[in-house]
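Novice: Pasting the sequence and the predicted coordinates here, then a few questions.
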Amino acid sequence: MTSTCSYELGSLIDAVKPGPLYRAAIEEVAESICPVIENNKVYQKARVFERLLIPDRVIRFRVEWVNDAGGVEVDFGWRIEHTNVLGPYKGGLRFHPEVTEDTLHFLAYEQCFKNALTGQPIGAGKGGSNFDPKGKSDNEVMRFCQAFMRELHRHIGASVDVPAGDIGVGGREIGYLYGQYMKITKRRDGVMTGKPLGLGGLLGRNEATGYGTVTFAEEMLKHAGDSMDGKRVMISGSGNVALYAAELAMEKGGCVVTMSDSGGSVSFSKGMTSEQLEELIEFKEVERGRLKDFKGKGMSYHPEARPWSLVDADVALPCATQLEVEKDDAGALVDRGVKVVAEGANMPCTHQARAVFHKKGILFGPGKAANAGGVATSCFEMHQNASHSAWTKERTLEKLHGVMVDIHEQCIAQAPMVNGVVDYGVGADRGGFVKLADAIVAMGV
């Protein structure tokens, strides 16, 4: 840690022995909240920082399933229930070959602060598997999800732990998981969110994370006396978050100039058209295609390239995965004229990249604030299921907008100024931490 905090957090972190991703997340938060802890003897006495370092429990299990050739496959499964001090554990499941326990510790810890900022009655958790759904048939994905749920169902419940989707877990996977949960438990209690509409899903949930990111970016611009209208917007990713971030950015007058996937990036010389976006949503969400095979007028494909140095832009929205924007990428964004960065994914910018943005006076919206629209809307789905009612899309998106505006206001209230701009990262960390710490103190030991 680089912090000079007199309340020694570094040795506390060392004692937990976190992996590199988890350590990076902890240290970033520790630097932000150290002054808050130093000035609050109650927090020190209750040891709230330490109590947030260690999850309530880590559940690890084996997942055995049969592939289409009749062979047995074996993967890891995890669920990390980090804290339920504000409500039931809440956080997504990620299916990706690079998922490790360290990945999920980092994501669960970030989720604590993100969920607290939403103002919704939810705790924090994360789960997943090193299973790779890419290249698998629908039947193979179904059999894996059913096997995964045969273990997970023991640990979840509508008032206990409510998983959702994440990378590699969309509506198809949630449907298979929830269907198996219902068969095993004989309950239809809405224990998962992000469900298909026929299983109790919420209108507007698909759009929520991307829309929330753009709304937060727009609030940052408004606070600086500007707007999204006419801005060139660089986006990474082409999954659910990226696609709907592009949609709302375009609705607000922005010009989307890049998208990407794990194979490379595409750039649009004059901006993506609404027709191209409709085609891309169909291509990625239904056909599950790769960008190298997507064709369109005024579009160029750049194999194995990140989008950050391809074109000039005003706004950058990293919406792909963690740690995708490194120090050199941040420098490239500055050189390309970017003035606002809002994270649509979970911590896509490294600590070194964030330092570049702060040094250059770039407005930076951290994922625990800018990415919070998805989990807030998941909570709306929980409300809908609990009340046995049906929300309209308009109601969902109206409430989402209110939540994102409120999160922005919380960040402003807690944030210092660095090089003439609001330090939203510190504001988000402190805003979430104070809510968690006050609840921990209130509940005793």
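Specialist: Right, received. Where do you want to start?
Novice: and the spatially closest residue to L9 that is not a sequence neighbour, what helix or strand is that in?
Specialist: Closest residue in space to L9, ignoring its immediate chain neighbours: A30 at 4.5 Å, by C-beta to C-beta, 6 or more residues apart in numbering. No exception for glycine: its C-beta is placed from N, CA and C like everyone else's. Assigned by DSSP states H and E, A30 belongs to helix 20-38.
Novice: Likewise for H408?
Specialist: Using DSSP H and E, the element containing H408 is helix 393-414.
Novice: now do T213
Specialist: Going by DSSP H and E, T213 is in helix 205-223.
Novice: and the angle from the very next helix or strand once past that helix to helix 205-223?
Specialist: Remark: after helix 205-223, the chain's next helix or strand is strand 232-236, criterion DSSP H and E. In terms of direction (axes from the mean of the first three to the mean of the last three C-alpha atoms, to 10 degrees), strand 232-236 departs from helix 205-223 by 140 degrees.
Novice: helices or strands next to strand 232-236 in the packing?
Specialist: Counting contacts by 3 or more C-beta pairs under 8 Å, 6 or more residues apart in numbering; DSSP states H and E, strand 232-236 packs against helix 240-251, strand 255-261, strand 315-318.
Novice: Run the chain-centre distance for the shortest one.
Specialist: Same thing as strand 315-318. Here the centre of strand 315-318 is set off from its chain's centre by 14 Å, with C-alpha atoms, centre = their mean, to the nearest Å.
Novice: same deal with the longest one?
Specialist: Centre-to-centre, helix 240-251 and its host chain are 15 Å apart (C-alpha atoms, centre = their mean).
Novice: Can you dump the C-alpha atoms of that helix in CSV for me?
Specialist: Presented in CSV, the C-alpha positions along helix 240-251 are these (Å, rounded to 0.1, in the frame of the first residue of the first chain):
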residue,chain,number,x,y,z
ASN,A,240,-25.0,-7.3,-22.9
VAL,A,241,-23.5,-4.3,-21.1
ALA,A,242,-21.6,-2.9,-24.2
LEU,A,243,-24.5,-3.3,-26.6
TYR,A,244,-27.0,-1.5,-24.4
ALA,A,245,-24.5,1.2,-23.4
ALA,A,246,-24.2,1.8,-27.1
GLU,A,247,-27.9,2.0,-27.5
LEU,A,248,-28.5,4.6,-24.8
ALA,A,249,-25.4,6.6,-25.8
MET,A,250,-26.8,6.9,-29.3
GLU,A,251,-30.2,7.8,-28.0
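Novice: Can you show me the strands along the stretch 251-400 of the chain?
Specialist: Applying DSSP state E, counting those that start in this stretch to the stretch 251-400 of the chain gives strands spanning 255-261, 264-268, 299-303, 315-318, 340-342, 363-365.
Novice: Next, count neighbours for the closest residue to R23 other than its chain neighbours.
Specialist: With sequence-adjacent residues excluded and distances taken as C-beta to C-beta, 6+ apart, R23 is closest to I13, at 6.7 Å. Neighbour count of I13, defined by other C-beta atoms under 10 Å: 19.
Novice: try S389
Specialist: 8.
Novice: Adjust the sequence numbering to begin at 26 for everything that follows.
Specialist: With the count now opening at 26, the last piece we talked about shows up as S414.
Novice: and it, what does it touch?
Specialist: Contacts for S414 (C-beta atoms under 8 Å, 6 or more residues apart in numbering) come out as none.
Novice: and it, how far is that from L227?
Specialist: 11 Å (C-beta to C-beta, to the nearest Å).
Novice: just K364 next, same as before
Specialist: Distance from K364 to L227, by C-beta to C-beta: 34 Å.
Novice: More neighbours: which of these two?
Specialist: Neighbour count, other C-beta under 10 Å: between K364 and L227, L227 has more, with 26 against 20.
Novice: Now do the same contact list for the closest residue to that one other than its chain neighbours.
Specialist: Spatial nearest neighbour of L227, chain neighbours left out: E406 (3.9 Å); criterion: C-beta to C-beta, 6+ apart. Contacts for E406 were tallied using C-beta under 8 Å, 6+ apart; they are 215, 218-220, 225-227, 230.
Novice: Show me what the helix holding A55 is in contact with.
Specialist: By C-beta under 8 Å, 6+ apart, helix 45-63 touches 26-28, 30-32, 34-35, 38, 41, 43, 68-69, 73-74, 78, 127-128, 130-131, 134-135, 138, 347-348, 372, 375-376, 450-451, 454-455, 458-459, 462.
Novice: which of the residues you listed count as buried?
Specialist: Buried members of the contacts of helix 45-63, scored by 16 or more other C-beta atoms under 10 Å, are 26, 28, 30, 32, 34, 38, 43, 68, 73-74, 78, 128, 130-131, 134-135, 138, 347-348, 372, 375-376, 450-451, 454-455, 458-459, 462.
Novice: Do a quick rundown of the strands in the stretch 26-175 of the chain.
Specialist: Per DSSP E, counting those that start in this stretch, the stretch 26-175 of the chain carries strands over the ranges 82-91, 97-108, 114-120, 149-154.
Novice: Let me know which of those strands is the nearest to G427.
Specialist: strand 114-120 (19.1 Å; C-beta to C-beta).
Novice: Need the mean per-residue confidence for the closest one.
Specialist: Across strand 114-120, the average pLDDT comes to 97.
Novice: Low-confidence bits of this structure, can you list those?
Specialist: Flagging of the chain using pLDDT under 70 yields the residue ranges 26-32.
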